[in-house]
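A.B. asks: 3D, please:
(2 chains)
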Amino acid sequence: MAEVVLEIPARPAYLSLARQVVAAAAAIEPTFHDDRIDDLRIAVSEATTNAIEAHADLSSDERIVIRCNLGDDRIEVEVVDVAGGFDQLVAAGDAAPDAESPDRLDYERGLGIPLMRVLADEAEIRSGEEGTAVRLVVYTPAGRRSP
Amino acid sequence: MPAVLFDAQVTTRDGWVIVAFVGELDLATAPAARTAIVRGLGADAANLVLDLSGLDFLDSLGLGVVVSALKRVRARGGELVVVATEARIRAPFEVTGLDRLVTVHPSVDAALAVGAADG
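C.D. replies: Coordinates of the predicted model:
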């Protein structure tokens, strides 16, 4: 596995850079279709947004580490922050009511984790006392056929 | 200075306010997008087209901007229609079911034709 590691300040202005680096890393493996790279770009943006906001809540200026592992059949991206656990984020996975619900308009947020879960082939959120690690996996078409 | 990642343009046509975004709509640029919508609608406009066809990227923060715009126009008895051409911009609406709350059209002309028929 080839590894690419990016460390960014926990600030919104660096989100775009995180997406660019991950998308560029995924493009090194030519078997990824563009639409899967788009899926990964959004999933990484969601995970990194949550990490940046967790830091903002704590006024912490620690950095966020984004680690891409390029395998033969997959790309794995881990977004790690040290902003303390965030139970509310894990709970937010099913926070937004159904689209038909009258309450839906009260939820401008809470769509990030569902989006991440749908767009990545695997999404795992581990939250501990030190911080949160989100692991995202997107398989190549070949990798997907033989799990 | 970083490159310009986001811009918003406001025009009006046939009684609709059209807010067109260019660039990337995320945590960093969502505040500017909200400001453009609020200013574009002004004190009393109620019918809004959000033209996302110039966006390269949109995530859940962008969806939040759309939901807040929807609330704003509905509170005024108005309509919101969204224009998006690229699959990468349309997909988040489809995946989250938001496309059942707001209709996504392939062009401003198509959006205005439907919006006018509904209104």
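
A.B. asks: Remind me what the longest helix anywhere in chain A packs against, helices and strands.
C.D. replies: Taking DSSP state H as the criterion, chain A has its longest helix at helix A:34-58. Packing partners of helix A:34-58 (3 or more Cβ pairs under 8 Å, 6 or more residues apart in numbering or on different chains; DSSP states H and E): helix A:15-28, strand A:63-70, strand A:74-81, helix A:112-119, strand A:132-139, strand B:48-58, helix B:60-75, helix B:87-96. Glycine gets a C-beta too; all of them are placed from N, C-alpha and C.

A.B. asks: Which element is encountered next along the chain beyond the last one?
C.D. replies: Translated: helix B:87-96. For helix B:87-96, the succeeding helix or strand toward the C-terminus, using DSSP states H and E, is strand B:103-105.

A.B. asks: re the thing from before, reformat the helices and strands packed on helix A:34-58 into TSV and put distance to B:V38, mean neighbour count and mean pLDDT next to each item.
C.D. replies: Formatted as TSV, the helices and strands packed on helix A:34-58 follow (distance: least, Cβ to Cβ, whole Å; neighbours: other Cβ atoms under 10 Å in any protein chain shown; pLDDT from 0 to 100):
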stretch	distance to B:V38	mean neighbour count	mean pLDDT
helix A:15-28	23	19	95
strand A:63-70	31	20	95
strand A:74-81	31	23	95
helix A:112-119	23	22	93
strand A:132-139	32	22	95
strand B:48-58	11	22	97
helix B:60-75	8	21	96
helix B:87-96	22	19	94
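
A.B. asks: any chance of the ones you listed in a markdown table, with distance to A:D57 too?
C.D. replies: Supplementary listing: the helices and strands packed on helix A:34-58 in a markdown table, determined by distance: least, Cβ to Cβ, whole Å:
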| stretch | distance to A:D57 |
| --- | --- |
| helix A:15-28 | 17 |
| strand A:63-70 | 14 |
| strand A:74-81 | 11 |
| helix A:112-119 | 15 |
| strand A:132-139 | 12 |
| strand B:48-58 | 24 |
| helix B:60-75 | 16 |
| helix B:87-96 | 24 |
